[in-house]
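A.B. asks: Take this sequence and fold it.
(chains A and B)
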Amino acid sequence: MTATVGYDCVEVGTELPERLFPLRRADLIRYAGASGDFNPIHWNERVATDAGLPGVIAHGMLTMATAARLVTDWIGDPGAVEEFGVKFSSPVVVPDDDEGATVSVRGVVEKKLDGNRVVVNLTTRCGGEKVLMAARATVRLG
Amino acid sequence: MMPLNQDFVGRRFVSPVPFQVGREHIRQFARAVGDDNPLHHDVEAARAAGYADLVAPPTFLATATPGALGLPTDDPALGLDYALIVHGEQRFTLRRPVVAGDELVTTSTLTGIRTAGRNEVLVTTYQYETTSGEEVAVGTCTLVSRGTAAPRDIPAGEGTR
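C.D. replies: Model prediction:
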């Protein structure tokens, strides 16, 4: 399949509007099961605080996957992602309540490359903190 | 707390058995990241889009890493305390998307352990190949081992975040 967004319809500076993604404790448990990452800092308050963290934190890979959704939902084709890299700059602390944490993701087309590819720079925040830095995805457009 | 064992730098770890990418695992992973794109769930939709089978989300490869992070985390000789580990950086470069039915062999190489303030930073690279030798993707993972650096050589004022 090809992406539903056409290369010619996109300019440097084209924005991917902000979306909000809730992350609750149950989402962390679900991600632990699906990914096989059972590090207790992602589900056990006692272990997390003993390790010096402010509380249970989301898997970095869950935050990364959440940020990826802004791009793959935009282009429609998750198979069109060629490169995706992030730095984890601040933990996403997920409180043990009904609201959990809210991660906001927005993006902007930063570069147009050959082969109908573009680089999208993603800004991912939680509670006012940037939780990802240098978050860039290279994707093939239609 | 003891610093990590530098003798492990340069070691390669190859998955002992291929990682079989299964449809239900792709669906389960996609649900876990809240992704309802039909290419992750509906085989007919994936085939109609030109893929051999269900398409895995781009970060699914993290699950194809053998054991814990492709590192011998349970080998006491490395000296790694899992609870002190947080993720620093992650990157994937995909030659093609991972699809259900792929059988992947992962080679992970611990390329470095460096000190950053009181923390230690482990850099691991990954190569994901099919059992027939086709390179599907490469990846890099940086992990931070919090507070395990040797106490010497810490400039005043620098420490864990």
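A.B. asks: which of the residues in the helix or strand of chain A with the lowest mean pLDDT are buried?
C.D. replies: Lowest by mean pLDDT, DSSP states H and E among the helices and strands of chain A is helix A:45-50, with a mean of 94. Buried residues in helix A:45-50, counting neighbours by 16 or more other Cβ atoms under 10 Å in any protein chain shown, are found at A:47, A:48. The way it works is simple: take the backbone N, C-alpha and C, and place the C-beta from them, glycine included.
A.B. asks: list the buried ones in the helix or strand following that helix?
C.D. replies: Note on helix A:45-50: by DSSP states H and E, the next helix or strand toward the C-terminus is helix A:60-75. Judged by neighbour count using 16+ other Cβ under 10 Å, the buried positions of helix A:60-75 are A:60-72, A:74-75.
A.B. asks: ok, back up a step: what helices and strands are in contact with the least confident helix or strand of chain A?
C.D. replies: Taking 3 or more Cβ pairs under 8 Å, 6 or more residues apart in numbering or on different chains; DSSP states H and E as contact, there are no helices or strands that helix A:45-50 lies on.
A.B. asks: Send me that helix as CSV with only the CA atoms.
C.D. replies: Taking Å, rounded to 0.1, in the frame of the first residue of the first chain, the C-alpha atoms of helix A:45-50 are listed here in CSV:
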residue,chain,number,x,y,z
GLU,A,45,5.2,1.5,43.0
ARG,A,46,7.4,0.1,45.7
VAL,A,47,10.2,-1.0,43.3
ALA,A,48,9.9,2.3,41.3
THR,A,49,10.3,4.5,44.4
ASP,A,50,13.0,2.3,45.9
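A.B. asks: What residues does the residue most central in space within chain A make contact with?
C.D. replies: With distances taken as Cα atoms, centre = their mean, residue A:67 lies nearest the centre of chain A, 1.9 Å away. Residues in contact with residue A:67, defined by Cβ atoms under 8 Å, 6 or more residues apart in numbering or on different chains, are A:86, A:103, A:105, A:122, A:124, A:132, A:135.
A.B. asks: pretty sure the first one is touching residue A:130, no?
C.D. replies: No: with contact defined as Cβ atoms under 8 Å, residue A:86 and residue A:130 do not form a contacting pair (11.0 Å).
A.B. asks: overlap in contacts of these two?
C.D. replies: residue A:124.
A.B. asks: residue at max distance from the center of chain A?
C.D. replies: Outermost in chain A, Cα atoms, centre = their mean: residue A:50 at 26.9 Å.
A.B. asks: which residue sits closest to that one, ignoring its sequence neighbours?
C.D. replies: Spatial nearest neighbour of residue A:50, excluding adjacent residues (Cβ to Cβ, 6 or more residues apart in numbering or on different chains): residue B:83 at 7.2 Å.
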